[in-house]
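>>> Quick one, fold the following:
(one chain, ligands or ions: 2)
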Amino acid sequence: MRRPIWLVWLTIALVACQPIAAPAPSAPAAVLDEWIEGAPGVGDPVFPLLGNGGYDVQHYTIELSVDVMRNEIMGATSIRAEATLPLRSFNLDLLGLTVEEVTVDGAPAHFARNGQELTIVPTAPLAAGALFTTVVTYAGTPAPIRDAHLDFVDQGWNQRNDAIFVVSEPQGAMTWYPVNNHPIDKATYTLRITVEESYIVAANGVLREEIDHGDRRTYTWEMAQPMASYLTTVVIGDFVRITEATSTGVEIRHYFPPQDADRLTQLFAATDEMIAFYSDLIGEYPFDAYGAAVMPFPLGFALETQTLPIFGLDTVMEGVNAHELAHQWFGNAVTLASWDQTWLNEGFATYLQRLWLERKLGRAFLESGMRRYYEMLAAMKTPAPGTVDAQNLFSMSVYERGAWVLHALRLRIGDELFRQFLCTYYARFKDGVASTEDFIALANEVSRQDLTDFLRSWIYDETLPPIPEIGESFPSSD
Ligand code: TRP
Ligand code: ZN
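Ligands and ions are numbered 1, 2, ... in the order given. From the prediction side, this is the model:
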């Protein structure tokens, strides 16, 4: 039996603040003077083979022709990258499919495959600092990853009932394109997808172009801000595109099954207000567009794919909507630095989801809700969320004790400083990644207190710490 993900199982007045400026960056490290083989991983503690060493991707152009009924793809992914080390060879992550050809800067390159590692040997080595373009031509039927530790989802490219959707967190991006598959290497994307004309294609970012070829049609989507690979998505099927008026300048476009469009439009009616609320609280919405893609069947989960979260018919609920939207700031714009720190994504999104409800229902409502989760965490003796293994990436502790880390910080430093912390954390790490150590250091910096032991015990101690004394600012926000 599949167990539903925690978030779904569970979910049955503000002044914009000014972030504090960042300190000057330190100088880059010197590089070696010998040709090396790029590493097959970036040293992630949970997934050692995710990502690769020696280069930094700037842009992916994924051009695929898709046969929806047969679930076959063919095409090419072009990857513009900068070598960060002098490379004799380098790896990409790709699982399954048949690679037909690889070129580097237009010249055919040797390649070899071993599990998820695609090793590429260009005819001439790549100097550190060199910009180079790799084109991988491939075809086949993508097979999603079935991981016993994450049994609520098949990660990656899924085909079901005449529809296709991609939900990759954490590993699935490599099931449909060759990629440096770790969040530390974010890049911008162009997704150019060709399908039979009876289908509609949605993907990350903004729809730039539609080309009609008669019986087939090409959709070009552009994700102009950096994106982690686990957040890329493509949705293909029979959908209607619903656009909404915006008060913030963010384009709102949803993709709904035609027969459910009216009901779903009602259920997502607060989207513009939610974007405005989080923008005031945290900082400007990070991307150009936002909207939900709702599949015409239940999924048991929702995923915060960048600018276009994926929902099942069963997971469209106000709390989940607020959660996936909040992830656009925390998770997507500011991303976890490694997969043992999922609390940085899920604790933030869960707490921010509660702040949307606090805005509507008041501080006392929030406090009593948080206390109920505290008692549940205490009774269940859940492990600390700070360093999780593969079994616990999306466990209750990651969501609920993760949210409590933020609430405890707020109680300790008061609403004013907490708000300052949220917006500074966002401004400081936007478009990149942040670690638990970054989180603690910034809390110390913003509060001008040494909160290291306090936060460490909330994040890492087996025993749940006592609830902090409510600060002098209570009750202030309603
Ligand atoms: N990040 C998702 C959330 O909003 C949970 C999740 C993790 C997920 N991995 C997934 C959802 C894969 C769908 C597919 O909490
Ligand atoms: Zn989440």
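
>>> so Val102 sits right up against Thr123, yeah?
No: with contact defined as C-beta atoms under 8 Å, Val102 does not count as touching Thr123 (11.2 Å). Heads up, the C-betas are built off the backbone N, CA and C, glycines and all.

>>> Between those two, point out the one with more neighbours.
Val102 (23 against 11; other C-beta atoms under 10 Å).

>>> How about the residues of the chain by ligand 1?
Within the chain, the residues that sit near ligand 1 (C-beta under 6 Å from any ligand atom) are 5, 7, 153, 167, 169, 301-304, 323-324, 346, 394.

>>> Against ligand 2, which of the residues you listed make the cut? List them.
Counting by C-beta under 5 Å from the ion, the subset of those that neighbours ligand 2 consists of Glu346.

>>> hang on, Gly249 in a strand?
No: the assignment for Gly249 (DSSP: H, G, I helix; E, B strand; the rest coil) gives coil, which keeps it out of a strand.

>>> Burial check on it, number of neighbours?
Summarising burial for Gly249: neighbours were counted as other C-beta under 10 Å, giving 10.

>>> Read off the pLDDT value for it.
You'll see Gly249 listed with a pLDDT of 97.

>>> One more: Gln159?
Taken from the predicted model, the pLDDT recorded for Gln159 is 98.

>>> does it sit in a helix or strand, and which one?
When elements are defined using DSSP states H and E, Gln159 is found to belong to strand 156-160.

>>> Quick check: the residue of the stretch 301-450 of the chain nearest ligand 1.
Among the residues of the stretch 301-450 of the chain, Leu303 lies nearest to ligand 1; the distance is 3.6 Å by C-beta to the nearest ligand atom.

>>> CA atoms only: put stretch 374-390 into PDB for me.
Extracted in PDB, the C-alpha atoms of stretch 374-390 (Å, rounded to 0.1, in the frame of the first residue of the first chain):
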ATOM      1  CA  TYR A 374       3.900  20.200  19.100                       C
ATOM      2  CA  GLU A 375       1.900  17.800  21.300                       C
ATOM      3  CA  MET A 376       1.700  15.300  18.400                       C
ATOM      4  CA  LEU A 377       5.400  15.600  17.700                       C
ATOM      5  CA  ALA A 378       6.200  15.100  21.400                       C
ATOM      6  CA  ALA A 379       3.800  12.100  21.700                       C
ATOM      7  CA  MET A 380       5.200  10.400  18.600                       C
ATOM      8  CA  LYS A 381       8.800  11.000  19.600                       C
ATOM      9  CA  THR A 382       9.700  11.900  16.000                       C
ATOM     10  CA  PRO A 383      13.400  12.200  15.000                       C
ATOM     11  CA  ALA A 384      14.900  15.700  14.600                       C
ATOM     12  CA  PRO A 385      14.400  17.100  11.100                       C
ATOM     13  CA  GLY A 386      18.000  18.500  10.600                       C
ATOM     14  CA  THR A 387      19.800  15.700   8.900                       C
ATOM     15  CA  VAL A 388      17.500  13.100   7.300                       C
ATOM     16  CA  ASP A 389      18.300   9.900   5.500                       C
ATOM     17  CA  ALA A 390      16.500   8.600   2.400                       C
END
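
>>> I am finished for the moment; much appreciated.
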